[in-house]
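Q: Need a 3D model of the sequence below.
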Amino acid sequence: MAITSCRNLRPNEAEENKEDFTLVWLDENIDDSSDSLQTDANAKCEQLLPILYELRTLSQKQRSTKDLSKDSASFLWNQLLINVLRHMPQNDHAKQQMLDTCSNYYGANERVLEKIQEFRSTYMPADAISWYTADSFVYRLLNKAFRTEDMELVHIFRFFIVDICMQLERGHQALRDSGERHLTLFRGQQVSDEEFDKLKQSVGILISTNGFWSTTRDLNVALSFVSQGLQTDGMKQILFEILADPNLETIVFADVHQESRMRGEQEVLFSLSTVFKIECVEYDSYLTLWKIKMAATDDGSRDVKEYLQSTNKEMEDSSPTFLFGRLLLIEMGQVDKAEKYFRMLLKTLPDDHEDTASVYNSIGWVFDRKTEFNLALEYYNKGYEMRLRLLGQDHPYISGSLSNIGNIYRHKGNYDRAMEYYHQSLTIHEKNYPSDHINNARILRNIGLAHKEKKEFQKALEYFRRALQMFQRMLPNEHPEIALSLGFIGLIFKEQLNYDQALEYFLQELEMDEKVLSSDHQYLSDHIEWVADIYKRKGEIERALEFCQEKLTDREKKLGKNHRAVAQTLHIMGVLLENNDDDRALEYYTQALSILETGASPDHLVAAKCLSKISLIYWRHSRIEQRIHSPSHINIAISLRWIGLIYSEMANYPKALEYLNNGLKIYVANYNFQHEDIKETQNDIAEPQHKQLIYVYYKVKKQNNSQDRRNKTQSRDDRRDEKMGKFEDLANELLLGLLFQFSDTDNLIQVFYELNSLFDQLIYDHIRDHQLNFQSVTKIEFDVICQRYLPFIYIFNSYSLLLKLHLNIKQLFQ
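A: Next up is the predicted model:
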């Protein structure tokens, strides 16, 4: 569990700061899916399998409680990111970036802006803890970054984070040198009843702080915060009692009472990602509150060491600046954040800077991941040309560029050319690193992928296995690179129709993914789909659905029911039922689409796939219904309307109008004009009708403007005549050919009146030549038309037109 840092706050401070704290569990033995959480108190946490719970404290206004149960990467990647941050350069630019961000955030608060200016003028690295423990802007924003796991904001505060960590390490060494052993520390806190119940039944579990964590040596100080805490329903006042040994290898904490601005609190501050073990949870009848006893421990942290060592090796070949972005993009799957990060770097570096080429290459990574292959190739080539000019043709970075360019040609289907780039890349890299190297393994895997696409499966398998063995020699037993290699071997067996063997590799890959990737990583969805597809190919659709349902339930618990990963899983379940049970498939697609439309984490590709699948189902139904029903049957109208709505969502407005109007004709043939289905379909028609016409109008207008600029040499009168002629052609073609075909007169008047005088004239001409029909218009809509638009009709002095209108109205209301 992560405990997002929340300093002991008095009631007035707590109300102003509105801090949360979060617990991250690090034990795989917890099962919080039932009321009884049974754990083995003596179980060792052999692998990093965090479960993240947010325990809301004094304010319920922060982000809603998020359960990331068994999120194997939460703790691990936080550790890695902080490790990378600490290797980044500490310079004035980093400080300036942090303070500019703070100034923008507090732009209207003069008091805080004065504090920011004070920080800018007086701050020294030895002041870091003093500023952090003060009721200050850095304390609030930094904790916001940790609490929301906003890695972009964490990066912006890297300058300050590193200073705090360094100061804590010096203080921790002083504590060791003092000879003091086994400190007993306290923290007063409120937690919700629900989360307290989980804590109470979780003795023996490892937890980790997701930020700096404040405690005190003085029991009375901690109790004062408990007793002064805000009394609210559903919350319990608890006391953490922590045993901490300064001689622990990986735990860093320091006595900061001299640096702290909170005098008299005897504060002891723990550094980032400290690991504790819950020893017991008991009620103290003397203090009349619940007490949670914990001990700081090296367990869990030791398991991260291998990852930190492999990361440090990569930093020998690549700067921490770029490794941070790589962790965001590859390991954490945060593509948009990675792109924003790399573009920020591109703005800050001069064009001729030695790192600019690496930034271009990194942006190419982003577009590669987004399947924007032309853009990826453009940036890869920019980076390659710059590297070639600055570094020479045998530098390892040249190898990296060639491999990336080869990836694009492979994606584009030019496998032979891709292979040429891969072999050039491997030759250069093996010159620099003749033995095992992580990039050598990656290039071997890429060559395997090219052979796979060429249907040369045995060669592909050979390269995949060589890459896997090299990764296994270099990396921890469970690592994303190893998982990916297992999956690619599974793909070869799938191509060879050896589904049992493919399933074995896919399940190994997915099991490892769930331990080493964040819960919302795109690879998890991809690899769940791979497993489900194998079950389907084996004819075990129900087993595939059971498997997906397990993953769906797990993802809903971890990420919430409105997360894009949940929608992705529902889409997979819909695909499984395709051509077998359209009704259930339609239900899954609709649920997924609803999540993607209303959720905070969009996935436009999956949304488009869902729309396409839904339209296909309704189209298939309409074809069937046309064979078994009469042409005017209501079921056909329903299918036509849905197909039209989907085309509208896809911005294919002509098709949308075609299907919606055909559906409307069937509704009109079956119902009276006041029926809800008719009204709703008319409303459905209005939006694509309006958007299509406006789109065409502005498109042609833009073309006319371009033509005007090209014809500047023409006389003013010639240009005016030509423009008016083209505009008249547009209006006649657009309005008479499309608008009048699909639009009722009342919609036509309300949408397009006063667009310009020429449109007004065309509308009038249409009204003059056609019978007005207001039978489908409500009384309120009719009143609006009379009040707003009848004066427009009257100005043409057409008494015959008004008479025609009068007769129509008389018929309508008789």
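Q: which stretches of the stretch 151-300 of the chain form strands?
A: 183-192, 206-208, 213-216, 235-244, 253-255, 267-270, 275-284, 289-296 (DSSP state E, counting those that start in this stretch).
Q: and the next element down the chain from the helix or strand residue 362 falls within?
A: Per DSSP states H and E, residue 362 falls inside helix 356-369. Moving toward the C-terminus from helix 356-369, the next helix or strand (DSSP H and E) is helix 373-391.
Q: Which stretches in the stretch 451-600 of the chain count as strands?
A: Under DSSP E, counting those that start in this stretch, the stretch 451-600 of the chain gives no strands.
Q: and the gap between residue 558 and residue 211?
A: Counting by Cβ to Cβ, to the nearest Å, the separation of residue 558 from residue 211 is 20 Å. Backbone N, C-alpha and C define where each C-beta goes, glycine included.
Q: Tell me which of those two has more neighbours.
A: Neighbours per residue (other Cβ atoms under 10 Å) separate residue 558 from residue 211, with residue 211 holding more: 26 against 22.
Q: Need the residues that contact stretch 244-263.
A: 7, 129-130, 133-134, 165, 167-172, 174-176, 180-183, 185, 217, 265-271, 274-275, 295-298, 301-302 (Cβ atoms under 8 Å, 6 or more residues apart in numbering).
Q: do stretch 347-354 as well
A: Against stretch 347-354 from outside (Cβ under 8 Å, 6+ apart): 93, 355, 356, 359, 390.
Q: What residues does the first one make contact with?
A: Right, the one you point to is residue 93. residue 348.
Q: Tell me the buried residues in the helix or strand containing it?
A: Using DSSP H and E, residue 93 sits within helix 92-105. Along helix 92-105, these residues count as buried under the neighbour rule (16 or more other Cβ atoms under 10 Å): 94, 95, 97, 98, 99, 102, 103, 105.
Q: Turn the residues you listed into a markdown table, including pLDDT and distance to residue 544.
A: Output for the buried residues of helix 92-105, formatted as a markdown table (pLDDT from 0 to 100; distance: Cβ to Cβ, whole Å):
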| residue | pLDDT | distance to residue 544 |
| --- | --- | --- |
| 94 | 84 | 50 |
| 95 | 89 | 54 |
| 97 | 88 | 49 |
| 98 | 91 | 49 |
| 99 | 93 | 54 |
| 102 | 91 | 51 |
| 103 | 92 | 54 |
| 105 | 88 | 48 |
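Q: which of those residues lies closest to residue 520?
A: residue 105 (26.0 Å; Cβ to Cβ).
Q: My guess is that closest one contacts residue 144. True?
A: No. Counting by Cβ atoms under 8 Å, residue 105 does not reach residue 144; the two are 9.3 Å apart.
Q: who touches residue 160 in this structure?
A: 98, 128, 131, 132, 138, 142 are the contacts of residue 160 under Cβ under 8 Å, 6+ apart.
Q: among the residues you listed, which two are most distant?
A: 98 and 132, at 13.1 Å, using Cβ to Cβ across the contacts of residue 160.
Q: what about the stretch of helix or strand residue 324 belongs to, average pLDDT?
A: Element membership for residue 324 (DSSP H and E) is helix 320-326. For helix 320-326, mean pLDDT rounds to 70.
Q: Now do it: which elements does it pack against?
A: The contact analysis (3 or more Cβ pairs under 8 Å, 6 or more residues apart in numbering; DSSP states H and E) places helix 320-326 against helix 74-87, helix 301-317, helix 335-348, helix 356-369.
Q: Recalculate using a threshold of 7 Å.
A: Contact here means 3 or more Cβ pairs under 7 Å, 6 or more residues apart in numbering; DSSP states H and E; on that basis helix 320-326 packs against helix 74-87, helix 335-348, helix 356-369.
Q: Pull out the buried positions in the second one.
A: I take that to be helix 335-348. 335, 337, 338, 339, 341, 342, 344, 345, 346.
Q: Could you check the angle that helix makes with helix 92-105?
A: Helix 335-348 runs at 120 degrees relative to helix 92-105, counting by axes from the mean of the first three to the mean of the last three Cα atoms, to 10 degrees.
Q: on that earlier part again, could I get the helix holding residue 93 in PDB with only the CA atoms?
A: C-alpha atoms of helix 92-105 as PDB (Å, rounded to 0.1, in the frame of the first residue of the first chain):
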ATOM      1  CA  ASP A  92      19.300  26.500 -12.600                       C
ATOM      2  CA  HIS A  93      17.100  25.500 -15.500                       C
ATOM      3  CA  ALA A  94      15.500  22.800 -13.300                       C
ATOM      4  CA  LYS A  95      14.900  25.200 -10.500                       C
ATOM      5  CA  GLN A  96      13.500  27.800 -12.900                       C
ATOM      6  CA  GLN A  97      11.100  25.300 -14.400                       C
ATOM      7  CA  MET A  98       9.800  24.300 -11.000                       C
ATOM      8  CA  LEU A  99       9.200  27.900  -9.900                       C
ATOM      9  CA  ASP A 100       7.600  28.900 -13.200                       C
ATOM     10  CA  THR A 101       5.100  26.100 -12.800                       C
ATOM     11  CA  CYS A 102       4.400  27.100  -9.200                       C
ATOM     12  CA  SER A 103       3.900  30.800 -10.300                       C
ATOM     13  CA  ASN A 104       1.500  29.700 -13.000                       C
ATOM     14  CA  TYR A 105      -0.500  27.500 -10.500                       C
END
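Q: relative to helix 92-105, how tilted is whichever helix or strand comes after it?
A: Downstream of helix 92-105, the next assigned helix or strand under DSSP H and E is helix 110-122. Inter-element angle recorded for helix 110-122 and helix 92-105: 170 degrees (by the same axes, to 10 degrees).
Q: State the mean pLDDT of helix 110-122.
A: Helix 110-122 comes out at a mean pLDDT of 93.
Q: still on that earlier bit, please list only the buried members of the contacts of residue 160.
A: Counted by 16+ other Cβ under 10 Å, these give 98, 128, 131, 132, 138, 142 as buried.
Q: So which of these belong to helices?
A: Mapping the buried ones among the contacts of residue 160 onto helices (DSSP state H) picks out 98, 128, 131, 132, 138, 142.
Q: Residue 182 against residue 243, yeah?
A: Yes. Residue 182 is in contact with residue 243 according to Cβ atoms under 7 Å; the separation is 6.2 Å.
Q: These two: which has the busier surroundings?
A: residue 243 (16 against 10).
Q: The more buried one and residue 181, how far apart?
A: 10 Å.
Q: joint contacts of the two?
A: Residues within reach of residue 243 and of residue 181 at once, by Cβ atoms under 7 Å, 6 or more residues apart in numbering: there are none.
Q: Return the member of the buried ones among the contacts of residue 160 nearest to residue 410.
A: Among the buried ones among the contacts of residue 160, and counting by Cβ to Cβ, the member closest to residue 410 is residue 98, at 41.0 Å.
Q: For that closest one, give its distance to residue 654.
A: Following Cβ to Cβ, the distance that separates residue 98 from residue 654 is 52 Å.
Q: again, but for residue 448
A: In terms of Cβ to Cβ, residue 448 sits 45 Å off from residue 654.
Q: what about those two, which has more around it?
A: residue 448 (28 against 12).
Q: That one and residue 458 touch, don't they?
A: No. Counting by Cβ under 7 Å, residue 448 stays clear of residue 458, with 10.7 Å between them.
Q: Let me know the secondary structure of residue 645.
A: helix (DSSP: H, G, I helix; E, B strand; the rest coil).
Q: and what of residue 435?
A: Applying three-state DSSP: residue 435 is coil.
Q: tally of neighbours for it?
A: So residue 435, with other Cβ under 10 Å, has 9 neighbours.
Q: who are the neighbours in contact with residue 685?
A: 657, 660, 661, 664.
Q: ok, and the most crowded of the residues you listed?
A: Busiest of those [other Cβ under 10 Å] is residue 660, holding 28 neighbours.
Q: Make sure it is indeed in a helix.
A: Yes. Read with three-state DSSP, residue 660 is one of the residues of a helix.
Q: hang on, it packs against residue 683?
A: No. Counting by Cβ under 7 Å, residue 660 stays clear of residue 683, with 10.1 Å between them.
Q: Noted, bye for now.
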